[in-house]
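Undergrad: Any chance you can model this:
(one chain, ligands or ions: 1)
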Amino acid sequence: MEPIIRTKDLSIQFGGHKAVDRVNFEMPEKHFKSIIGPNGAGKTTFFNLLSGELRPTEGDVFFKGESLAKYSSVERTRKGLGRSFQITNVFPNLTVLENVRLAVQSKEKVRFHFIKSYRSYKKITEEALVILDQVLLLNKGEAIASQLSHGEKRKLEIAMLLALDTEVLLLDEPTAGMSLEEVPTILDVIRTIKQRGNKTILLIEHKMDMILDLSDSIMVLFNGKLLADGTPTEIMNNETVQNAYLGGLYDGELVETS
Ligand SMILES: Nc1ncnc2c1ncn2[C@@H]1O[C@H](COP(=O)(O)OP(=O)(O)OP(=O)(O)O)[C@@H](O)[C@H]1O
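TA: From the prediction side, this is the model:
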């Protein structure tokens, strides 16, 4: 079966520095893959290349077999490749429910090229409420977005991504900056999305317990290169990964996996 998403020699260079270096990866539909690697390994840059925020200096991204090279990030979202909103995309003075309603409406615009949607206000609100329930924010619908806790803001970002209803979800460190008490609820939210079984999910995270809990597979980036890609057990037992990342002591040459 054709992988839903695949990269071929995906690379980007900033000045003399290759932040992503000939990465070949693929994942099947409905799969949950995490990306790990030390700070500066190229994880977020890799996401930006998938979502179209950055253009590769070499290589390409394929979605269901089609090259995405000519598509903008909005067009990639329309095709089904969704990137979690940063909180800067949230309207701080609107309520949580209003923000999610706007995201639901923007999906209609994204899908139908700004042709007027005939769906009623009520239906859009109902859809937004279902999404708020999924991210455990139903009791915060009337709260002003800027007044949410950090953890609640990250849940709102996930809600706005779900509102776009894309097949692929790119989640960039959803627990970043969260208090320890807030982490289990975001883990619950992501686990529930996974268990619903209709999404392909790519997650960047530093929290290993969370990664091991959720992932069907894990890929490891190191200095922009794909160091390893395998099941959680394979990755935990991979000596190169242990040396390079888990042990934090790596200073040798990278072993190419592709
Ligand atoms: N726009 C840019 N211009 C120049 N260098 C960049 C740019 N974006 C990223 N980099 C560099 O590319 C490298 C990879 O950065 P990236 O943010 O992708 O790493 P990361 O693995 O996501 O790190 P972290 O875990 O800290 O978020 C870093 O050395 C970073 O400084």
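
Undergrad: any idea how far Gly80 lies from Leu169?
TA: As judged by Cβ to Cβ, to the nearest Å, Gly80 and Leu169 stand 10 Å apart. From N, CA and C alone the C-beta is placed, and that goes for glycine too.

Undergrad: Give the residue spans of this structure that score low on pLDDT.
TA: Scanning the chain for pLDDT under 70 picks out 85-88, 108-120, 245-258.

Undergrad: can you list the residues of it near the ligand?
TA: Residues of the chain lying near the ligand by Cβ under 6 Å from any ligand atom: Phe14, Ala19, Gly37, Asn39, Gly40, Ala41, Gly42, Lys43, Thr44, Thr45.

Undergrad: Measure how buried the fourth one is and give me the count.
TA: The burial metric for Asn39, expressed as a neighbour count using other Cβ atoms under 10 Å, is 6.

Undergrad: next one: the second one
TA: Neighbour count of Ala19, defined by other Cβ under 10 Å: 23.

Undergrad: just checking, it touches Leu10?
TA: No. If you go by Cβ atoms under 8 Å, Ala19 and Leu10 don't touch, sitting 10.9 Å apart.

Undergrad: Which single one of the residues of the chain next to the ligand is nearest to Asn89?
TA: Thr44 (16.0 Å; Cβ to Cβ).

Undergrad: Please name the residues that touch Val90.
TA: Asn99, Ala145, Lys153, Leu156, Glu157, Met160 (Cβ atoms under 8 Å, 6 or more residues apart in numbering).

Undergrad: and the residues of the chain next to the ligand, which of them are in strands?
TA: Using DSSP state E, the subset of the residues of the chain next to the ligand located in strands is Phe14, Ala19.

Undergrad: Now, of the residues of the chain next to the ligand, which are buried?
TA: The neighbour count (16 or more other Cβ atoms under 10 Å) marks Ala19, Gly37, Ala41, Gly42, Lys43, Thr44, Thr45 as buried among the residues of the chain next to the ligand.

Undergrad: what about the nearest residue to the third one once chain neighbours are set aside, which SS state?
TA: Counting by Cβ to Cβ, 6 or more residues apart in numbering, Leu221 is the residue found nearest to Ala41 once chain neighbours are left out, at 4.3 Å. For Leu221, the reduced secondary structure class is strand; criterion used: DSSP: H, G, I helix; E, B strand; the rest coil.

Undergrad: Report how many residues lie close to Leu221.
TA: Counted with other Cβ under 10 Å, the neighbours of Leu221 add up to 28.

Undergrad: Equivalent analysis for the one 10 residues further on, please.
TA: By other Cβ under 10 Å, 12 other residues sit near Thr231.

Undergrad: Spit out the contact partners of the closest residue to it other than its chain neighbours.
TA: Nearest residue to Thr231 in three dimensions, chain neighbours excluded: Ser217, at 5.8 Å (Cβ to Cβ, 6+ apart). The contact partners of Ser217, taken as Cβ under 8 Å, 6+ apart, are Met27, His31, Phe32, Lys33, Ser34, Asp229, Gly230, Thr231, Pro232.

Undergrad: Ser217 bridge partners, please.
TA: Note on Ser217: beta-bridge partners by DSSP bridges are Lys33.

Undergrad: Same check on the one 4 residues further on?
TA: Taking DSSP bridges, one obtains Leu226 as the residues bridged to Leu221.

Undergrad: Report the contact partners of it.
TA: If you count contacts by Cβ under 8 Å, 6+ apart, then Leu221 has Val20, Val23, Ile35, Ile36, Gly37, Ala41, Gly42, Lys43, Phe46, Leu227 around it.
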